[in-house]
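A.B. asks: Need a 3D model of the following:
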Amino acid sequence: MKVIRVHYPQLFKRICLSILIIVLMYVFLIRKKRYSDTFVTVVNGVQPKLVWEFVADFTNQQRINPTMLDFEIEYEKGNYNNWEYGVIYREYSLTFPFIRYKNRVIIQVLPVINTNENHRSSKPYRILSDFTSCVVGLCLQTSAEMKFVPGDERRSTKIMESVQFDCPPIISVLCYRDLRAQKKLIYDNIRHSTDIMI
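C.D. replies: Numbers count the residues shown, from 1 in each chain. Below you'll find the model as predicted:
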């Protein structure tokens with residue numbers, strides 16, 4: 001009968017190495033970190049209300065966001081003072097076009113709120129969005145707020161957007177690159193859209 005000897009120091013090293021690899025994979029590949037970015041653009045010749053209404057209507061999104069493949073409105077509720085709707089849509093990454101995302105978004109559309117008797121607006125036209133984007137089993141959260149205010153020039157609109165998004169730290173540079181490329185494309189398309197002026 002042969003006796004099998006177990007070398008505990010080697011077993012201990014393997015266990016420690018395995019735990020270290022699992023921890024590193026979690027920290028760099030799976031764990032999500034919150035990042036933020038802001039975007040500002042000006043649409044000339046159009047008042048804020050018209051730009052806000054155009055962007056708020058999700059049927060216009062495929063024209064201003066060509067990365068969107070298809071969408072389905074899940075629900076709508078509310079009225080002009082607080083309109084909310086949910087959408088599921090698919091899009092591809094600008095950085096890596098072979099990557100497809102499935103997104104679920106809840107959008108709140110809020111008009112100007114006048115808080116004093118002079119009817120000066122203290123809160124601009126706004127669109128609030130909460131996204132869940134999934135790719136290959138990894139789901140990431142994004143929140144955004146768009147504000148539409150009068151620009152410096154007559155009949156112009158300044159759009160200010162703040163975005164907070166989750167991304168694994170190891171690919172944060174790619175997340176930023178994709179977000180900025182997509183926002184540049186979207187804002188260029190909004191600025192050059194003749195449909196807003198109708």
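A.B. asks: for the residue nearest the centre of the chain, helix, strand, or coil?
C.D. replies: Nearest to the mean C-alpha position of the chain, counting by C-alpha atoms, centre = their mean, stands residue 142 at 4.8 Å. The local conformation at residue 142, judged by DSSP: H, G, I helix; E, B strand; the rest coil, is strand.
A.B. asks: Okay, and the beta partners of it?
C.D. replies: Bridge pairing for residue 142 (DSSP bridges) gives the partners residue 131, residue 165.
A.B. asks: Am I right that it is in contact with residue 134?
C.D. replies: No - using C-beta atoms under 8 Å, residue 142 and residue 134 do not qualify as a contacting pair, with a distance of 11.7 Å. Every residue, glycine included, has its C-beta placed from N, CA and C.
A.B. asks: other SSEs contacting the host helix or strand of residue 158?
C.D. replies: Applying DSSP states H and E as the criterion places residue 158 in strand 156-167. Counting contacts by 3 or more C-beta pairs under 8 Å, 6 or more residues apart in numbering; DSSP states H and E, the secondary-structure elements packed against strand 156-167 are strand 33-44, helix 48-56, strand 138-150, helix 172-191.
A.B. asks: Relative to the first one, what are the paired strands and their orientations?
C.D. replies: On the basis of DSSP bridges, the sheet neighbours of strand 33-44 come out as strand 156-167 (antiparallel).
A.B. asks: All set, thanks.
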